[in-house]
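Engineer: have a look; sequence and predicted model below, questions after that.
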Amino acid sequence: MPNTFLLYGSYGYTGNLIAEHSVREGLRPLLAGRDETRLRAQAARLNLDYRVIPLSDASALDDALRATGFVVHAAGPFVLTWRPMVEACLRTGAHYIDISGEIEEFEAIAPLDTQAKEKGIMLLPGAGFDVIPSDCLAAHVKQRLPSATHLKLFIRSVGGGVSRGTARSAIENMQRAVRIRRDGEIVTMPPAWNVETRDFGRGPVKLVSIGWGDVSTAYHSTGIPNVEVYMVFPQSAINGLKLMRVIGPLLYNKPVKRLLQSFLRFRPEGPSEAQRESGFSLMLAEASDGATVVKSKQRVAEGYQLTMLTATAIAKRILAEDLKPGFQTPSRAYGADYILEFAGTTREDL
């Protein structure tokens, strides 16, 4: 079986985790990105080859994809980076997976389904913590209630932390309103437009509506036309989100974004190994059809740890030619139970 693929953005926090785990799994990714200094150091440490490729260099992208056959794209913010890579994949007949959780990207890639099928390639964004576990859980409750018309997903992270790259993406997307799916269409809502309380088994907590990737992918996976996603926030953060309804427009400009980005250099690059191994996430899915409600809950590994595992595992599947051409979501490609293959995952029907 071949053992190489293009890993773009390999020296970022999550990209490096994927690179290291891929090597442990016997793979030899071709490391790529814009920063030659970081690439050279990473390649020497892992004994791998590398290429310096700006996303603006279509010829270099094409050459790298022809040499490897598919890419694991780990360079965010994906709303700014997916297009040149996907276009290169369509030109060269290479498969595409990424670790994004960005609604705009999913919705932009979905209409490329026919082109991808004609090329015989799979386009699978969202191959990490965003959105594999929640997508599989959504597909599971849809199987339990095929008539479901409404889906709510609730997420609680325990331990772990946020990488600089994730924070950078959050700043880039800060002006985007909360999104939900209503009657099949994505609609925008004000920050913290709805707050709900749920108990994951550790006591009741408040959750606020967020624009998680499942607002896009759960609809494509299940056909459920009404989708909302919630995440645990402390009351102080909820109050801050509500305040953003008033002051938000004052912050949505390039100078403020640049200032916020400049502060990121003082943050750790990401959670420590101990934080990743001890952290975990809890998820609850509720599907209803107006008369019946089904609920399932799930526990998975910490987000970056899980992304490291899932991205590498899907790379191995593609290398074994286990894939479905066209635009795919994780559960459409590999089934609702796919998440159960990963250590630390448990699922329970309530």
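Structural biologist: Great, that's in hand.

Engineer: quick one: low-confidence ranges for the protein?
Structural biologist: Scanning the chain with the threshold set as pLDDT under 70 gives 1, 160-177, 236-269.

Engineer: tell me how it divides into domains.
Structural biologist: According to automatic domain parsing, the chain comprises the domains 6-128+305-334, 132-303.

Engineer: right, so of those domains, which gets closest to residue 345?
Structural biologist: Nearest of the domains of the chain to residue 345, taken as C-beta to C-beta: domain 132-303 at 5.1 Å. All C-beta spots, glycine's among them, are computed from the backbone N, C-alpha and C.

Engineer: quick check: end-to-end length of that closest one?
Structural biologist: 10 Å (C-alpha to C-alpha, to the nearest Å).

Engineer: surely residue 120 meets residue 95?
Structural biologist: No: using C-beta atoms under 8 Å as the test, residue 120 is too far from residue 95 to be in contact (9.1 Å).

Engineer: these two: who's more crowded?
Structural biologist: More crowded of residue 120 and residue 95, by other C-beta atoms under 10 Å: residue 95, with 25 against 11.

Engineer: residue contacts, the closest residue in space to the more buried one that isn't next to it in sequence?
Structural biologist: Spatial nearest neighbour of residue 95, excluding adjacent residues (C-beta to C-beta, 6 or more residues apart in numbering): residue 70 at 3.5 Å. For residue 70, the contact set (C-beta atoms under 8 Å, 6 or more residues apart in numbering) comprises 5, 6, 89, 94, 95, 96, 97, 121, 315, 318.

Engineer: ok, now with 10 Å
Structural biologist: The contact partners of residue 70, taken as C-beta atoms under 10 Å, 6 or more residues apart in numbering, are 2, 4-6, 89, 92-97, 121-122, 124, 314-315, 318-319, 323.

Engineer: ChimeraX command for the buried members of the residues you listed?
Structural biologist: In ChimeraX, this line selects whichever of these come out buried by 16 or more other C-beta atoms under 10 Å:
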select :4,5,6,89,92,94,95,96,97,121,122,124,314,315,318,319,323
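
Engineer: contact partners for the residue nearest the centre of the chain?
Structural biologist: With distances taken as C-alpha atoms, centre = their mean, the chain has residue 130 as the residue nearest its mean C-alpha position (2.8 Å). Applying C-beta under 10 Å, 6+ apart to residue 130 gives the contacts 78, 98-102, 106, 166, 212-214, 217, 303, 306-307.

Engineer: so which of the residues you listed are in helices?
Structural biologist: 78, 106, 166, 214, 217, 303, 306, 307 (DSSP state H).

Engineer: helices along the stretch 1-150 of the chain, start to end?
Structural biologist: 13-24, 36-46, 58-68, 78-92, 103-109, 113-119, 132-144 (DSSP state H, counting those that start in this stretch).

Engineer: can you say which of these is nearest to residue 193?
Structural biologist: That would be helix 103-109 among those, by C-beta to C-beta, at 15.9 Å.

Engineer: how far does the closest one sit from the chain's center?
Structural biologist: 12 Å (C-alpha atoms, centre = their mean, to the nearest Å).

Engineer: from residue 213, how far off is residue 132?
Structural biologist: Applying C-beta to C-beta, to the nearest Å, the value for residue 132 to residue 213 is 10 Å.

Engineer: let me see the contact set for the residue sitting furthest away from the middle of the chain.
Structural biologist: Distance from the centre of the chain peaks at residue 291, with 32.3 Å (C-alpha atoms, centre = their mean). Counting by C-beta under 10 Å, 6+ apart, residue 291 touches residue 147.

Engineer: Three-state assignment for it, please.
Structural biologist: What DSSP: H, G, I helix; E, B strand; the rest coil gives for residue 291 is coil.

Engineer: one step back: who touches both of residue 120 and residue 95?
Structural biologist: With C-beta under 10 Å, 6+ apart as the test, residue 120 and residue 95 both reach 323, 325.

Engineer: just to revisit the earlier point, so which of the ones in helices among the contacts of residue 130 wins on neighbours?
Structural biologist: residue 214 (32 neighbours).

Engineer: what sits against the residue nearest to residue 20 when sequence neighbours are not counted?
Structural biologist: Of all residues not flanking residue 20 in the chain, residue 46 sits nearest, at 6.9 Å (C-beta to C-beta, 6+ apart). Applying C-beta under 10 Å, 6+ apart to residue 46 gives the contacts 10, 16, 19, 20, 22, 23, 28, 29, 31.

Engineer: please name the bridge partners of the last one.
Structural biologist: When you say that, I think you mean residue 31. residue 7, residue 50 (DSSP bridges).

Engineer: distance of it relative to residue 288?
Structural biologist: With distances taken as C-beta to C-beta, residue 31 is found 46 Å from residue 288.

Engineer: more crowded one of the two?
Structural biologist: Using other C-beta under 10 Å, the more surrounded residue of residue 31 and residue 288 is residue 31, with 25 against 19.
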